[in-house]
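In: coords please:
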Amino acid sequence: MELPDSILIVGLGASGTAAAKFLHGMGKSIALADEKDEAVLAPVLRSLNGITFTGHFGPHRTEDFLRYPLIVISPGVDSALPVLQEANAKGIRVIGEVELAYMFLDAPVIAVTGTNGKTTTTTLIGEIFKKAFGNVFVGGNIGNPLINYVLEGKKAHYIIVEISSFQLETVETFRANTAVLLNITEDHLDRYRSFNEYRNAKYRIFERQTEKDYTAIIDGLEPPKAGKGRILPFSTARELEEGAFAKDEKLYVRINGNEFIYARSLSPLVGIHNTENILAALLTAHIHGIDQTTVSAVLQEFKGLPHRVELVRELKGVRYYNDSKATNVDATKRALENIEGDVILIAGGKDKGGSYQAITEVAHKIKVLIAIGEAKERIISELGSHVVIYKEDDMASAVRTAYEIAESGDIVLLSPMCSSFDMFTDYKHRGNTYREIVESL
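Out: Down below sits the predicted model:
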């Protein structure tokens, strides 16, 4: 599709600013809109120095959304906003930055989605493909907008992209040559009207796949009704005739009549959730013909990512872990399941609308829960009869309280169950703040 001469970009996060730079470079007339006011956006606007634009900052105005034939929204912008719905009703096309980028892609796309494990799996796949092919782009929801691939004039053998449900809401022609779905559990119910609506957004990753494409999906999830990709499951629960599975401390990939076997101990990543992530990466690698020696080497080298059950330090026999990326209840539950020892859990942040009840299944692991942020009263209400809960006003107070309670052998775990936007710019800011406080003890 040929782009119109004038385009509105909504949301000035990383995706929105990258889209603005790209469209300006194409000679398009761009307008910007963001609900934050100009003073808050000043650092972002400075980064757009040299780019001519019009725009309005602050509460959205309907008239601004009806002036342009195309609107490009950032993932953080809810596609159900009334102003966007009204624009749609007037025949104005609304797409996301991923769809914009896809119009210009020139290499096969491997896309990874799921509630938890997306970034770890995307990064691991990226490392394997880099070692095998050299020139690979890794981006998307991982923090490097897909439009950067086009903006920087990159050429790659493969494009590997982490893609969120928010990004999938606004795709139209986007097609993954290999689509990976890791898991789906309750999340983002502050944005979606139901779990089913959230699930359906995830399944959009498969919609435009053809018979030439691959659908890698965790065993137990319903196969997609839309899309025609070849379905290859991966499982930690049972042996599969075709796909990838774990059995007796070994990882197997069976595909096209071949079998590849890896020792689970090759990877330093622990926990059943990471076994699932690794199986998805192994399956993707062998779909694309990467040899076992290359895959084994990367498995041994890959140590995981910051903010994902990351050991910060050990002090007086107490280990402090940073799991700031755990922005939903299932992620925190998985962290607790895979940690040995009595846990002092620091949790809370911006509530996402889901239930906290799943934590009761691992309540025996929690010595004390320290609740912070906007969600702390809901956490206390739902979990107060199952665990001992203290509440604190900020991260520094929470860490100090944990330090005072902890005894040798205990674990202090930041695993918030919530998004970070009540007190921090993102989960990295939250995790780095926690790390700095812990290191100063």
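In: Do a quick rundown of the helices in the stretch 201-350 of the chain.
Out: Here the stretch 201-350 of the chain has its helices, by DSSP state H, counting those that start in this stretch, at 272-287, 292-301, 329-337.
In: and residue 241, which of the ones you listed is closest to it?
Out: helix 272-287 (13.7 Å; C-beta to C-beta). C-beta: built from backbone N, CA, C; applies to glycine.
In: all strands of the stretch 151-300 of the chain, in order?
Out: Applying DSSP state E, counting those that start in this stretch to the stretch 151-300 of the chain gives strands spanning 158-162, 178-181, 214-218, 230-235, 243-247, 250-255, 258-263.
In: which element is residue 98 on?
Out: Using DSSP states H and E, residue 98 falls within helix 97-102.
In: in that helix, what counts as buried?
Out: Residues of helix 97-102 classed as buried: 97, 98, 99, 100, 101, 102 (neighbour count, 16 or more other C-beta atoms under 10 Å).
In: before we move on, back to that, could you dump the strands of the stretch 151-300 of the chain into JSON lines and include mean neighbour count and mean pLDDT?
Out: As requested, these are exported to JSON lines (neighbours: other C-beta atoms under 10 Å; pLDDT from 0 to 100):
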{"stretch": "strand 158-162", "mean neighbour count": "27", "mean pLDDT": "98"}
{"stretch": "strand 178-181", "mean neighbour count": "27", "mean pLDDT": "98"}
{"stretch": "strand 214-218", "mean neighbour count": "23", "mean pLDDT": "98"}
{"stretch": "strand 230-235", "mean neighbour count": "20", "mean pLDDT": "98"}
{"stretch": "strand 243-247", "mean neighbour count": "22", "mean pLDDT": "98"}
{"stretch": "strand 250-255", "mean neighbour count": "19", "mean pLDDT": "98"}
{"stretch": "strand 258-263", "mean neighbour count": "13", "mean pLDDT": "98"}
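In: May I see those arranged in JSON lines, with distance to residue 281 as well?
Out: Output for these, formatted as JSON lines (distance: least, C-beta to C-beta, whole Å):
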{"stretch": "strand 158-162", "distance to residue 281": "10"}
{"stretch": "strand 178-181", "distance to residue 281": "9"}
{"stretch": "strand 214-218", "distance to residue 281": "10"}
{"stretch": "strand 230-235", "distance to residue 281": "9"}
{"stretch": "strand 243-247", "distance to residue 281": "9"}
{"stretch": "strand 250-255", "distance to residue 281": "10"}
{"stretch": "strand 258-263", "distance to residue 281": "11"}
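In: Please identify the most buried of the helices of the stretch 201-350 of the chain.
Out: helix 272-287 (a mean of 25; mean count of other C-beta atoms under 10 Å).
In: quick one: stretch 121-132 to chain centroid distance?
Out: 16 Å (C-alpha atoms, centre = their mean, to the nearest Å).
In: scratch that, stretch 50-58
Out: Its chain's C-alpha centre and that of stretch 50-58 lie 29 Å apart, by C-alpha atoms, centre = their mean.
In: as a whole number, average confidence for it?
Out: Averaging pLDDT along stretch 50-58 yields 93.
In: For it, output the C-alpha coordinates as PDB.
Out: Extracted in PDB, the C-alpha atoms of stretch 50-58 (Å, rounded to 0.1, in the frame of the first residue of the first chain):
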ATOM      1  CA  GLY A  50      15.300  18.700  12.900                       C
ATOM      2  CA  ILE A  51      12.000  17.000  12.100                       C
ATOM      3  CA  THR A  52       9.100  19.200  11.100                       C
ATOM      4  CA  PHE A  53       5.700  18.300  12.600                       C
ATOM      5  CA  THR A  54       2.500  19.700  13.800                       C
ATOM      6  CA  GLY A  55       0.500  18.300  16.800                       C
ATOM      7  CA  HIS A  56      -1.400  18.500  20.000                       C
ATOM      8  CA  PHE A  57      -0.200  17.400  23.400                       C
ATOM      9  CA  GLY A  58      -2.600  16.800  26.300                       C
END
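In: So what touches that stretch?
Out: 20-21, 24, 30-38, 41, 64 (C-beta atoms under 8 Å, 6 or more residues apart in numbering).
In: Okay, buried residues for it please.
Out: Buried residues in stretch 50-58, defined by neighbour count with 16+ other C-beta under 10 Å: 55, 56, 57.
In: could I get those as TSV with secondary structure and distance to residue 85?
Out: Formatted as TSV, the buried residues of stretch 50-58 follow (DSSP: H, G, I helix; E, B strand; the rest coil; distance: C-beta to C-beta, whole Å):
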residue	secondary structure	distance to residue 85
55	strand	21
56	strand	18
57	strand	21
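In: I'd like those residues laid out as JSON lines, including distance to residue 427.
Out: As requested, these are exported to JSON lines (distance: C-beta to C-beta, whole Å):
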{"residue": "55", "distance to residue 427": "28"}
{"residue": "56", "distance to residue 427": "29"}
{"residue": "57", "distance to residue 427": "25"}
